[in-house]
Every structure is written in C-alpha cells, then in structure tokens.
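Trainee: Fold the following.
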Amino acid sequence: MKKAKQTEQITKVEQEGKSGTFQKLLLWVLIPLLFTTALVLIIAKFADVNVFDKAKELSGKLPFITEKKEEDPVMGDLVLEERVVTMQAEIQEKEAQLFKVQQDLDKSATENEKLLIEQEKLLDEIAVLVRDKDDSKRNFNEIVTTFEQMSAKSSAPVITKMSDAEAIRILTNLKSATLASILEKMSPEDAAKYTTMMTK
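Mentor: Model (predicted):
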C-alpha cells in the first residue's frame with residue numbers, strides 16, 4: 001500500500017510540474033504577445049493604417065521573397081507560354097504532315113484507279129486482237145484449204161497475181177503434193193522466184 005501511495009504522489013508531482021511549465025509559458029509568452037498584438041492593431045486602426053497592406057509591402061522588400069514572387073508568376077507564365085507556343089507549332093507541323101500524307105494517299109488511290117481502268121482497256125484490246133487473230137487464222141486456213149481443193153491449173157495463175165508476201169504465206173502452208181502441182185503449172189520464172197523466196 002505504501003508503494004501505491006508513493007507512486008500516486010510521484011504521478012501528481014509530475015503532472016503538476018508539466019502543467020506548471022505550460023502555465024509559465026502561457027503567462028510569460030503567449031498572453032503578453034496577444035496583448036501587444038491587440039494594442040498594435042488598435043493603434044493602427046486609430047492611425048488609419050492598414051496593417052495587412054503594410055505587411056505585404058514589407059514582405060515584398062525581403063530579397064528571398066521578392067525573387068520568388070518575380071520568378072514564379074512572371075517567369076513561370078513566360079515558360080508556360082513558350083511551351084504552349086512550341087506545342088502549337090508542333091501540332092501545326094504534324095497536321096501539315098498528316099495533310100500531305102493524306103494528299104499523297106488520295107493521289108496514289110486516284111492513280112491506282114486510272115491504272116486499273118487502263119489495264120481493263122488493254123485486256124479488252126488484247127481479247128479483241130486474239131479474236132481477230134483467231135478469225136484471220138481461221139480465214140487464212142480456209143483460204144489454204146480452198147487452194148488445196150482447187151486444181152493446180154486454176155490456182156497457179158491466181159497465186160502469181162498476188163503480192164509476193166501473200167503468195168509465199170499461202171504456198172508455205174500448202175501440203176507438199178499440192179505445192180508441187182501448183183509450181184508445175186507456173187511459168188519456170190515464177191516457180192523459180194517462189195521457190196527461192198520459200199527457202200529464205
């Protein structure tokens with residue numbers, strides 16, 4: 001029990017010591033500071049002085065605060081404006097590049113369409129030429145067949161009246177037996193001429 005009472009007394013003394021220190025601080029520092037502040041504000045009110053404006057003015061004269069105020073708003077705004085201008089220039093440049101790429105793409109698409117149309121025209125022309133060639137080949141084969149069916153006596157004068165190129169073309173496509181009988185019915189000069197031309 002004695003120990004419990006001693007512990008309680010020690011605790012009370014410690015609490016009184018702590019509260020005593022706070023009370024001393026309050027009495028010697030805080031209360032006079034508050035009183036002085038109130039007195040200064042009352043005097044400033046009667047002297048028609050705005051304490052807050054004076055505080056701003058005095059704080060503006062401090063070198064480390066002045067530099068900070070001048071650098072942050074003004075320099076910060078300038079830096080931001082420069083960055084905005086730079087970014088706008090980059091955006092405009094990218095838009096110009098995009099526009100050029102789009103134009104090139106449109107141009108190449110138009111050229112591709114033209115090439116496809118031209119390709120279709122050429123394919124149509126090739127088909128027509130192939131048909132014409134087949135027709136002329138069929139016609140030529142029919143002519144050759146006609147000459148083979150004619151008698152040599154009738155066909156020899158007709159061949160000599162043709163141009164040399166046409167006559168050689170027909171003579172080279174005839175069967176050997178038919179060719180021999182036609183050359184027999186020609187004059188020796190014509191037969192020699194056509195024979196020489198066929199060997200070349």
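Trainee: Can you name the element that comes right after the helix or strand of the chain with the lowest mean pLDDT?
Mentor: Between all helices and strands in the chain, the lowest mean by mean pLDDT, DSSP states H and E belongs to helix 63-69, at a mean of 54. The element immediately downstream of helix 63-69 (helix or strand, assigned by DSSP states H and E) is helix 76-149.
Trainee: tell me the average confidence for that next one?
Mentor: On average, the pLDDT along helix 76-149 is 88.
Trainee: Now do the buried residues in the helix or strand that comes right after that helix.
Mentor: Per DSSP H and E, the first helix or strand lying C-terminal to helix 76-149 is helix 152-161. By neighbour count on 16 or more other CB atoms under 10 Å, the buried set for helix 152-161 is 152, 155, 156, 159, 160. Glycine gets a C-beta too; all of them are placed from N, C-alpha and C.
Trainee: and the next element down the chain from helix 152-161?
Mentor: Tracing the chain C-terminally past helix 152-161 and defining elements by DSSP H and E, one meets helix 164-173 next.
Trainee: returning to that earlier point: can you lay out the buried residues of helix 152-161 as CSV showing pLDDT and distance to residue 102?
Mentor: What follows is these, written out as CSV (pLDDT from 0 to 100; distance: CB to CB, whole Å):
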residue, pLDDT, distance to residue 102
152, 85, 76
155, 88, 71
156, 88, 74
159, 88, 68
160, 89, 71
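Trainee: okay if I get those residues as JSON lines plus distance to residue 100?
Mentor: Shown next, in JSON lines, are the buried residues of helix 152-161 (distance: CB to CB, whole Å):
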{"residue": "152", "distance to residue 100": "77"}
{"residue": "155", "distance to residue 100": "72"}
{"residue": "156", "distance to residue 100": "75"}
{"residue": "159", "distance to residue 100": "69"}
{"residue": "160", "distance to residue 100": "72"}
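Trainee: Quick check: the spatially most central residue of the chain vs residue 177, distance?
Mentor: Geometric centre of the chain, nearest residue: residue 101, 5.7 Å, by CA atoms, centre = their mean. With the distance defined as CB to CB, to the nearest Å, residue 101 ends up 73 Å from residue 177.
Trainee: residues of stretch 173-181 that come out buried?
Mentor: 174, 178, 179, 181.
Trainee: check contacts around the residue nearest to the centre of the chain.
Mentor: Residue 101 sits next to no residue when contact means CB atoms under 8 Å, 6 or more residues apart in numbering.
Trainee: any idea how far residue 43 is from it?
Mentor: Relative to residue 43, residue 101 is positioned 75 Å away (CB to CB).
Trainee: Then residue 142?
Mentor: Applying CB to CB to residue 142 and residue 43 gives a distance of 134 Å.
Trainee: how close does residue 96 sit to residue 102?
Mentor: 11 Å.
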